Each structure stands twice: as structure tokens, then as C-alpha cells.
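**Q** output the structure for:
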Amino acid sequence: MSQPLVAILDDEPQIRQILAEALGDAGFRTMTFGRASEFEAALKQCVPDVCLVDLGLPDRDGLLLVHRLALDSGAAIIIISGRAQVQDRVMGLELGADDYIIKPFEPAEIVARVRARLRKGRQVAERTTQTARFEGWTALFDSYTLVSDMGEQISFSNAEGQVLRLFLERPRRLISRPQMQESLGGVAGESFDRAMDVRISRLRTKLGEDPKNPSLIKTIYGAGYIFLGDVHWE
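**A** Got it, this is the predicted structure:
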């Protein structure tokens, strides 16, 4: 079986070289790009398992590229950026990134984050059931789509799908932040908590929830979350 393929998109040649060498030494295949146009052209030929994306690109808005990747590719997306502001991290995660790493970074951490994303992806792929019905909605995990009983279709990202599936697999059970971190991977801390807040907020919006009084995904302050719908897997 071939080794996972990691795409590296960064306009700094030294960064590309550091990442490619660290990942290559860890047994990954890599392909590197300095411009978004080159990266997008390559995606027409093959889809990587993980995309490492810098936001400061010379020919494209990095955040818009991340959003498109999240909706279209199904690959895990890790942003690696010098933008350390909270709003940048929130926006990146909100638009569908699975993780956000701030430069400067340790190459070993990048390798560990990539491995964590791939482990989670394998766990999801091993599940044979890809359709769940709940409270007027159908979640199609093979196509990253929510379908309402009225026929409305709403796309969700890979990252949002991981959170949604966690809730649907454990309905009416409290899920704590540590349990979410253990199930979804990632590094516990402020960044992980913020990522979960963003993804849950987006899921509530897509499900038509009242943000002040959601009926499906309830916040139990100081404890975690609980999904209150009835779920049927097919």
C-alpha cells in the first residue's frame, strides 16, 4: 500500500523544503507548490490525503482556497500560517480547516499533526454506515451533504462532518471536551476548544437552530455537549 500523500502549499521555498524533508523522513510522499494556481492544477490529477496550506499566497486568497478545499476535496486541511491573530485562526477553522498551526513551527509537530489527521480519517473510512436520519434531516457522510425533508441540500466540511458524526453516534449522551479531543484528535487547549466552538456553531446554523436556544445540540456549561435528537443509521 502506498504511503499517504501530503501536498505542501507555501510561497517560501525554505518552508517547503523543511516540510518536505521532515515528512519524507517520516515516510510520507509529498508534493510542493509555491502558487495556488499550480496546486489547483495538480488537484485535477490526484487528491492528496492531507493539504498543508499557507494563507499568505501570492496569487490567491488563502482562506478562500481553504474553503473550496473543505467543500470539494475531502482531504484533511492543516493551515500553517504566520497569522497569529485569534480572528485569523477562527476564520480558518470556520471555513473548514481541520487544524491551524502558527509559524514558526517545529517540523516534528507538523508530522505529528499530519499523523493524527490521517488516523482520524482511517477511523471514519472504516465505518461502513454513511447515512444517518434525524429530526427532519439526512446526513450523507459519503458526499458531505445534509438533506432536509423538504429537499434542501447543504454542504458541510470534513471537519464539521467529524463533529456531526460524533454527536449522531452518541445521541442523548453527554460528550465532554476531553472526550471530543480524544475522539477527534488534535491538541487539547484553547485552539482545540475554539475549533469545536466554531464547528458546532456552523452545524447549528446549517440545521436551522436558534443560536440562543438550540434544540438539538445543547451546551451543558462546564460539562460539554449533548445531542437531543433521535437518530437512525442506514
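**Q** by contact count, what packs against the host helix or strand of Ala108?
**A** Ala108 is part of helix 107-125 when elements are defined by DSSP states H and E. Counting contacts by 3 or more CB pairs under 8 Å, 6 or more residues apart in numbering; DSSP states H and E, helix 107-125 packs against helix 13-25, strand 50-53, strand 76-81, strand 99-102, helix 158-169. (Glycine included, C-beta is placed from N, CA and C.)
**Q** relative to the fourth one, what are the paired strands and their orientations?
**A** Meaning strand 99-102. In the sheet, strand 99-102 lines up against strand 76-81 (parallel) (DSSP bridges).
**Q** list of residues touching the partner strand?
**A** 10, 15, 19, 49-56, 62, 66, 69-70, 88, 92, 96-103, 105, 110, 113-114, 117-118, 120-121, 158-159 (CB atoms under 8 Å, 6 or more residues apart in numbering).
**Q** about what we covered before: the helix holding Ala108 vs helix 13-25, what angle?
**A** Between helix 107-125 and helix 13-25, the angle comes out at 60 degrees (axes from the mean of the first three to the mean of the last three CA atoms, to 10 degrees).
**Q** for the helix or strand that helix 107-125 is followed by, buried residues please.
**A** Using DSSP H and E, the helix or strand that follows helix 107-125 in sequence is strand 131-134. Residues 132-134 are the ones in strand 131-134 that count as buried (16 or more other CB atoms under 10 Å).
**Q** helices or strands next to whatever helix or strand comes next after strand 131-134 in the packing?
**A** Moving toward the C-terminus from strand 131-134, the next helix or strand (DSSP H and E) is strand 137-140. With contacts taken as 3+ CB pairs under 8 Å, 6+ apart, strand 137-140 sits against strand 131-134, strand 145-148, helix 158-169.
**Q** run the last query once more with 6 Å
**A** strand 145-148 (3 or more CB pairs under 6 Å, 6 or more residues apart in numbering; DSSP states H and E).
**Q** send me the strand it packs on as CSV with only the CA atoms.
**A** The C-alpha trace of strand 145-148 is given here as CSV (Å, rounded to 0.1, in the frame of the first residue of the first chain):
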residue,chain,number,x,y,z
THR,A,145,-24.2,16.8,2.4
LEU,A,146,-27.2,17.5,4.7
VAL,A,147,-30.6,17.0,3.1
SER,A,148,-33.8,18.3,4.7
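**Q** could you give the separation of the helix or strand following it from the chain centroid?
**A** As assigned by DSSP H and E, the chain's next helix or strand after strand 145-148 is strand 153-155. How far strand 153-155 lies from its chain's middle: 17 Å, per CA atoms, centre = their mean, to the nearest Å.
**Q** direction included, what does strand 153-155 pair up with?
**A** Partners of strand 153-155, by DSSP bridges, with direction: strand 145-148 (antiparallel).
**Q** quick check: domain ranges of this protein?
**A** 5-125, 131-233 (automatic domain parsing).
**Q** so of those domains, which one's packed in deepest?
**A** domain 5-125 (a mean of 18; mean count of other CB atoms under 10 Å).
**Q** report the distance from that one to the chain centre.
**A** 11 Å.
**Q** any idea of the mean pLDDT for it?
**A** Averaging pLDDT along domain 5-125 yields 89.
**Q** run through who's touching stretch 153-164.
**A** 70-71, 96, 98, 141, 144-147, 184, 199, 202-203, 206 (CB atoms under 6 Å, 6 or more residues apart in numbering).
**Q** just the closest of those to Pro178, please.
**A** Nearest to Pro178 among the contacts of stretch 153-164 is Leu184, at 11.1 Å by CB to CB.
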